[in-house]
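Q: Sharing a model prediction with you, sequence too.
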Amino acid sequence: MKKRLVGAVAMSTALALTIAACGGDGGDPDDSGGTATAEFDAATGQVFNASDEQGGTLRYAITEDWDSVDPGDTYYGLSWNLLRLYGRTLTMFNPVPGQGSAEVIPDLAESLGEPSDDGRTWTYVLREGLVYEDGTPITSQDVKYAVMRSIHKEVLVNGPTYFGDALALEEGFESPYENPDTDTAAIETPDDRTIVFHLKEPFGGFDFFAQLPQTAPVPQDKDTGIRYRDHVVASGPYMFEEYNEDANFTLVRNPNWDPATDPNRPALPDRIEVTLNVNQDDLDNQILSGDLDVDLAGNGIAAAARTRVINDPALLAQADNPAAPRLWYTSINPHVAPLDNIECRKAILFAADRTSYLTAYGGQYGGDIPTHLLPPQIPGSQEFDLYPAGPDNTGDLEAAQAALDACGQPEGFATKMAFRSDRPAEQQTAEALQQSLGRVGIELELVGYPTGDYFSTYAGDPEFRDSESLGLMTNGWQSDWADGFGFFSQIVDSRTIRPGSSNLSVYLDEVDQLLDQAVAQTDLDAQQAIWAQIDQRVMEEAVILPGVFSKALTVRPQNGTNIFVNEAYGQYDYMMMGVDQG
Amino acid sequence: MAGPGPRPGRPSRPDIVVTYLGRRLIGAVLMLLVVSMVTFAIFFVVPLVAGGSSENLAARYVGRTAGSEEVADTAERLGFNDPLPVQYGRWLKGIVAGDEYDLGPSVERCPAPCFGYSFINRSPVWPELLDRLPVTLSLVVGAATIWLLAGVSIGVLSALRRGSVFDRAAMGVALGGVSLPIFFTGLLSLVIFSYGLGWTAPGSSFTPLLENPAQWAYNLILPWVTLAFLFAAIYARLTRAGMLETMSEDYIRTARAKGLPERRVVMKHGLRGALTPIVTIFGLDVSLLMGGAVLTESTFSLPGLGKYAIDAITTNDLPKVMGVTMLTAFFVVFANLIVDIVYGVVDPRVRLG
Amino acid sequence: MAIGSEPRTTGKLAVPIGTDPVDPSRAPGTRIEGRSLRQVAWRRLRRDRGAMAGAVVVILLILMAVFAPLIVDLLGHPPNEFHQDTIDPATQLPEFRFPFGGFSAEYLMGVEPPFGRDIFSRIIYGSRISLLIAFLATMLSVVLGSTMGVIAGYFGGWVDTVISRAMDVFLAFPILVFAIALAGVVPDRAFGLSGDTLRIVLLIFIIGFFNWGYIARIIRGQTLSLREREFVDAARSLGARGPYIIFKEIVPNLIAPIVIYSTLLIPTNIIFEAALSFLGVGIRPPTATWGGMLSEAVRYYTLPHFVFWPGLAIFITVLSFNLFGDGLRDALDPKTR
């Protein structure tokens, strides 16, 4: 049966592991598990300082501004994590510690999607009594409108493209921005509470789509295109009190939010303040001194603070080391000579010093060294190692030399390596590879490009990277959700390759077909076996050098309550956290 | 070095002030035009010369998930394919009359003065510049007050006690001061006074003056002192040199010969002459810093115009960088005007009628 | 009264030269002149201990830059080489942190986090970039500025007006923002160059080009006054033509101010280059530059040694040039002492 395929997987793993999961649906954290003892990783896999006490102010800060607070226009994990405070989507990830968070549960909808027509049609019924911050009712038409507007990528450029790709939209479908009275048969709203999605192809994982921020309802008469972010109309327990672009914003309680319609959100603090553009070191120091609560980016503290925390057992006891379903890696372009020869690509995989790659991302606390692609927390991940890098993971130079000989380049060769110049870790990755590959005569010329244009104009443009002979390119991917499709679909499917695509090097028909098989596969084990097969096949082709399965060293807020790492985001769960009033 | 001096044989007339101001004003506007043309050329011509295309620019507006057709459409709609003079004209018109950015279905208004429309966060640049201005203004006004008072008085004292222990010590420190880059002294003072001793606020602290004056000053004291240290060193050296030079002028000798008390000679005549070049430089320095104390702001992570420019450059958001550059040029030209007027007040050799 | 077109100094050069060519109130005779003055100046300079110390350090620095590979071969490690054995894998910092991270006979100034590169070697190699760019950029400014200044000052009229206006425009530029922007928009491969070569050429061009206005202004003033001097009049009345007068009569008398301003411009340019590298638009890593090392050090501010060494290197270099330049100016133009 195709029904709720991937969700079911996640649920079963969650049950199997039973990691001190506390308060299944989130409401009452006191009933089981949890800890109040400050120790390292105390908020990973369990709730730290569980509480249902309301009140207080949570203070967040971040070093930059992210794409948007508009639920239809954002593609950052931190943003998806945060926006659950003011926006509600059809479904959501279960806000619990441990792997239980991979489970999808209903949010706006009464229950998970009801599939029919072999998984091509998905029906959701909204809960009763849902209203916006201004008291007007939330209807299924609003959800439909939100999805339709998000498809228009020239206005809302940032969000994922899943809906536009999967929905059975008519040829020549016009978005609401092209035609305010537009309509499509791909989404039906037979009444104010029912919404029906029609897909092009059968897809078992539609509940994952339904949790995307793009299903958060948007009232059409309040939509102002990209300026909607100036005043997002809240459907969750908090609403915007003020929003100063590029500076700060404040969320306060939404008086019209009814907890009876929302079993998942404890809504503990009274206020949430977010400050943007704070220097990373200052941010870390303020968290350590208790002047700030959370680094919204969730990437962990930077070098200077890390030293302090690691060397001070008291501080280390306040820290967690959560893993995110994220892989940092280097794409190896098979269209550039001599990397068009698989042996030369293998030489790179053998010669690379994996330890210094990890060093670039923070060493021991920055993650683990992978030997393949699929992160371990994603169901189906299987460990294997085609290119053993020696006992201390610094590379196998003999194997690399043998591969170079087989490639006909015994003296090594020269190629270019692209990286995002405003990302220190990627710059260091490039420097590290330059050093380690240099040991076998592979000379790298490093070229940096700005992050904003990296995929659209430079490394991500197939024509550009081939004509500029970019041999190696730093890259990274965080699964949109903990599932093989969420991880692989954007980075190994050669049909996605065009300017802007994250797939920089995997051109394999075989893998494309495997992906299609996996999506259509009804049997769970068989589907997971295909993910492992894809992983294996891509590694065999030696077009990706896996670098780091990412972890972050984060510091818990000093007077925060109900703190735990939501593994769906690899960050503290911003929706569940409260403030100790004691 | 020279202050504007009257050419002999040209009598000054009262209406000359008006003519003079008018000429300077026209000159200033022309200068702004030229600066804007060069700025425009750098941002829109250099990337093209170096191998970019109008699609590259458009790609920044539409984001990475857009297809190449959308990008080409956007490039056309935004006029990136028009001849450069046309684009420049449109940009200029935007400053005076506002502009509209046709992003396909939605047309974004950019009201006058439209200093461009950001690629990245897709909003007009001007309001953001206005948001950042108070930070830079606070930084520069505070620091300028300190450095002007400290620099000039140290310079005068040094000159009057030339060769004394004070003079040597002060000039030694000043020489060290001008030899230390601000991003080093800033970093060092942050490490010592903020992170080490905890006396001052950490970086990236800013509170608007009107919100809490005490907090405002507390947060800015370290950047003020650091920035002022550098400039005070420069000004002390300049003032000392200027004083020594002026004190050897004929009119000072005359003043002394008239039997004026030395104190009066120094304060009224010597200082005035020495201050003339200081005023020019002060105007230029302050106006250049107003357009972004880039290094100070990035060392202390202050969200001012300079930090804004740097952040915009790292994200390649050219309209923002252009906005800051133009604003700075405006400040400089404006400061030049003011300085010319102030000359009449401080330089005994200049009398505007 | 013609107030509009008068020359002015600007804030970049720390101390103005003490001659005011168009100021009629100045007594004649204080001017830099002839060979005898040169000898007097040399004697003065030799007595100035600060200036001589500066000169010695400058020479040592130049030798250090020239023989960098040799020095590093003897006392250090290749500047980009990793020494991860010196780094604690958990904290990513050098194993010993006191007194200076990883400091030992092996690593004279300690090692850099997180890869353990030898700071000593990087400081030595950094001097090459710093001095090369500062010298060549200064040369570019001086050549451009002197040429423009002489042309404007000698020919006067509309030529002068055009050049003077151009100078005004350059002085009105927010140079740093501009340089950053320009260094930022030029891609990694342009004008047939790439890598470090491109960045070095670019920085020399940017720094040199935006600074010519200062020199030009001073030279123009000097030329204006020289043009009216008796010996020039004499040459003219003997039938000498423009080029002859410029090269034989005027330019030799401009050597002193040019030398002074070049010496004082070099330290400014060293700081300028360091600033650009500090802001991430200068020479690209991993090539060692002092400014680049400082900007790396920002992230590890708990390691004072990492901030200290590149900062000290910049300070010593700039201070030496300033000491020498000040001494030179005082020697050639004693009035401001």
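A: Alright, I've got the coordinates.
Q: Tell me if stretch C:263-275 is near chain B.
A: Yes - interface with chain B: stretch C:263-275 contributes C:267, C:271, C:274-275 (C-beta under 8 Å from any C-beta of the partner chain). In short, each C-beta sits where N, CA and C put it, glycine included.
Q: Sorry, wrong one. I was asking about stretch A:74-93.
A: No - judged by C-beta under 8 Å from any C-beta, stretch A:74-93 stays clear of chain B, getting no closer than 8.7 Å.
Q: average pLDDT for that stretch?
A: Stretch A:74-93 shows a mean pLDDT of 93.
Q: same thing with stretch B:209-229?
A: pLDDT averaged over stretch B:209-229 gives 88.
Q: Contacts for that stretch, please.
A: With C-beta atoms under 8 Å, 6 or more residues apart in numbering or on different chains as the test, stretch B:209-229 has contacts from B:134, B:138-140, B:142-144, B:146-147, B:150, B:177, B:182, B:185-186, B:189-190, B:193-194, B:200-201, B:205-208, B:289, B:293, B:296, B:299-300, B:302.
Q: Now list the buried members of the residues you listed.
A: B:134, B:138-140, B:142-144, B:146-147, B:150, B:177, B:182, B:185-186, B:189-190, B:193-194, B:200-201, B:205-207, B:289, B:293, B:296, B:299-300, B:302 (16 or more other C-beta atoms under 10 Å in any protein chain shown).
Q: give me the low-pLDDT residue ranges for the stretch 101-250 of chain B?
A: Across the stretch 101-250 of chain B, the ranges flagged by pLDDT under 70 are B:102-106, B:119-120, B:204.
Q: Flag every residue of it that's near chain C.
A: When proximity is defined as C-beta under 8 Å from any C-beta, the stretch 101-250 of chain B approaches chain C at B:175-176, B:178-181, B:183-184, B:187-188, B:190-191, B:195, B:234, B:237-238, B:241-242, B:244-245, B:248-250.
Q: Show me the longest helix that occurs in the chain.
A: With no chain named, the answer covers chain A. Identified as the longest helix of chain A according to DSSP state H is helix A:524-541.
Q: I was after chain C.
A: helix C:119-155.
Q: Can that one be said to contact chain B?
A: No - judged by C-beta under 8 Å from any C-beta, helix C:119-155 stays clear of chain B, getting no closer than 11.6 Å.
Q: List the residues that contact the residue nearest to the spatial centre of chain C.
A: In chain C, the residue lying closest to the centroid (C-alpha atoms, centre = their mean) is C:I266, at 1.8 Å. Taking C-beta under 8 Å, 6+ apart, we find C:I266 in contact with C:134-135, C:138, C:321, C:325.
Q: and with 6 Å instead?
A: C:I266 is in contact with C:134, C:138, C:321, counting by C-beta atoms under 6 Å, 6 or more residues apart in numbering or on different chains.
Q: out of these, who's nearest chain A?
A: Lowest distance from chain A to the contacts of C:I266 (C-beta to the nearest C-beta) belongs to C:A134, with 24.1 Å.
Q: how much space is there between that closest one and A:I348?
A: Going from C:A134 to A:I348 by C-beta to C-beta, to the nearest Å gives 39 Å.
Q: repeat for A:N264
A: Taking C-beta to C-beta, one finds A:N264 at 46 Å from A:I348.
Q: Which residue of the two possesses the greater neighbour count?
A: Using other C-beta atoms under 10 Å in any protein chain shown, the more surrounded residue of A:N264 and A:I348 is A:I348, with 27 against 19.
Q: sorry, back to before: element containing the residue nearest to the centre of chain C, please.
A: helix C:251-278 (DSSP states H and E).
Q: Validate this expectation: A:R59 resides in a strand.
A: Yes - assigned with DSSP: H, G, I helix; E, B strand; the rest coil, A:R59 falls within a strand.
Q: what is it paired to in the beta sheet?
A: A:E273 (DSSP bridges).
Q: Go ahead and confirm B:I182 touches B:L295.
A: Yes - applying C-beta atoms under 6 Å, one finds B:I182 in contact with B:L295, separated by 5.0 Å.
Q: Quick check: phi and psi at the closest residue to A:P180 other than its chain neighbours.
A: Closest residue to A:P180 apart from its sequence neighbours, by C-beta to C-beta, 6 or more residues apart in numbering or on different chains: A:Q220 at 7.7 Å. Backbone torsions for A:Q220, taken as degrees, to the nearest 10, come to phi -60, psi -40.
Q: what's the next secondary structure element after the helix or strand where B:R24 lies?
A: Counting by DSSP H and E, the element that carries B:R24 is helix B:16-44. Downstream of helix B:16-44, the next assigned helix or strand under DSSP H and E is helix B:46-49.
Q: is chain C contacted by that next one?
A: Yes - contact of helix B:46-49 with chain C (C-beta under 6 Å from any C-beta of the partner chain) involves B:46-47.
Q: Show me what that helix is in contact with.
A: C:V185.
Q: and it, what's its mean pLDDT?
A: Mean per-residue pLDDT for helix B:46-49: 71.
Q: Check which residues of that helix are buried.
A: B:46-47.
Q: again with stretch B:80-89
A: Under 16+ other C-beta under 10 Å, the buried positions of stretch B:80-89 are B:80, B:87-88.
Q: do the same with stretch A:36-52
A: Residues A:38, A:42-51 are the ones in stretch A:36-52 that count as buried (16+ other C-beta under 10 Å).
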